[in-house]
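> How does the following fold in three dimensions:
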Amino acid sequence: MNLIILSALPPPRGGVTTHIERLIPYLEEKKIRFVVWDHSKIKKEQGFVISLRREPIKVLISFLRHRGVKVLYWPLSVITAGKILFLLLMKMMGVRITVTLAASPEQTIGHGLLNQFYLLGLARLSAHIIAANGDFKKLLMDKGINKEKISIIPAFIPSKNDSMETLSIPKNAVEFCKNRKPLIITYAYGPDLHKGEDLYGLDLIVQLAQELWTGLPQAGFIVVIPEITN
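Okay, here's the model as predicted:
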């Protein structure tokens, strides 16, 4: 099997890029042949990464080089007509398509009929669909997609590489962690506005902190925001 991962490695660090970064050691351990087609703007130095933006010829060569079963793995949070056309082209070239729906139905398709049409097209083109939560599975089954074609697999992957965890942490953050109990840590790529509200609920975290401090004055909150987008 030849696995093509269409995504990105950090930086920038987000939920999906961390998911891909932590997937790599497992693939290497299982001796699965793979390549990462990185669609981010930042060129990566790893030998198994090819930049879609900077190295289109290398992308083509990597596709043609290996014979046998090709599987395209693509974590998606937004579905567009361009992505559907690309997947259709891949399928016509004999590629088996596995897609992970990394967000929620509300974020990915909302209530728009066109987006629902795109989702069904995606489902029919895919050999298998991985949903990060049960909402997508129910939605797809209600639309007539065979339940055997859908798996619910949480996106979290434990790290196998200690070097990934040795990034420098500010001293004041370390001291904060030591002195707060309970300590609540969350992650927000953004802030990201969705229908005028923050998708990651940063406002709710402030409200929660205010309520918890009434009975737990030592409670601490840390929000990791890798890139300020708004």
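> SS state for Leu3?
Judged by DSSP: H, G, I helix; E, B strand; the rest coil, the three-state class of Leu3 is strand.
> residues contacting it?
Counting by Cβ atoms under 8 Å, 6 or more residues apart in numbering, Leu3 makes contact with 27, 32-35, 71, 73. Every C-beta, even on glycine, is put in place using the N, C-alpha and C of the backbone.
> Go again with 10 Å.
Contacts were defined as Cβ atoms under 10 Å, 6 or more residues apart in numbering; by that measure Leu3 touches 23, 27, 32-36, 69-73, 96, 98.
> give me the beta-bridge partners of it?
Note on Leu3: beta-bridge partners by DSSP bridges are Phe34, Val71.
> Buried ones only from the contacts of Leu3, please, as a ChimeraX command.
Buried members of the contacts of Leu3, defined by 16 or more other Cβ atoms under 10 Å, are picked up in ChimeraX with:
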select :23,34,35,36,70,71,72,73,96,98
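> so can I have CSV of the contacts of Leu3 showing pLDDT and distance to Ala131?
Converted to CSV, those look like this (pLDDT from 0 to 100; distance: Cβ to Cβ, whole Å):
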residue, pLDDT, distance to Ala131
Leu23, 94, 17
Leu27, 95, 21
Ile32, 94, 22
Arg33, 93, 26
Phe34, 95, 22
Val35, 95, 25
Val36, 96, 22
Val69, 89, 23
Lys70, 93, 23
Val71, 95, 18
Leu72, 95, 17
Tyr73, 96, 14
Arg96, 96, 18
Thr98, 96, 12
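> Among the contacts of Leu3, which one sits closest to Thr186?
Leu23 (22.1 Å; Cβ to Cβ).
> Could you check how far that closest one is from Val16?
10 Å (Cβ to Cβ, to the nearest Å).
> shared neighbours, the two?
7, 75, 155.
> Next step: the residues you listed restricted to strands.
Of the positions in the shared contacts of Leu23 and Val16, 7, 75 sit in strands, assigned by DSSP state E.
> top of the shared contacts of Leu23 and Val16 by neighbour count?
Ranked by neighbour count under the definition other Cβ atoms under 10 Å, the shared contacts of Leu23 and Val16 are headed by Pro75 with 23 neighbours.
> ok, that residue - contacts?
5-8, 15-17, 19-20, 23, 98-103, 130, 132, 155.
> Show me what the top helix by length along the chain is packed up against.
If each helix of the chain is counted by residues according to DSSP state H, the longest one is helix 15-29. The criterion is 3 or more Cβ pairs under 10 Å, 6 or more residues apart in numbering; DSSP states H and E, and the helices and strands that helix 15-29 contacts are strand 2-7, strand 33-38, strand 70-76.
> and that helix, which residues are buried?
For helix 15-29, a neighbour-count test (16+ other Cβ under 10 Å) marks 15-24 as buried.
> Throw those residues into TSV and include distance to Leu204, thanks.
Putting the buried residues of helix 15-29 into TSV (distance: Cβ to Cβ, whole Å) gives the following:
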residue	distance to Leu204
Gly15	18
Val16	23
Thr17	25
Thr18	23
His19	24
Ile20	28
Glu21	28
Arg22	27
Leu23	30
Ile24	33
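> quick one: which of those is nearest to Lys171?
Out of the buried residues of helix 15-29, the one with the shortest distance to Lys171 is Thr18. That distance is 23.8 Å, counting by Cβ to Cβ.
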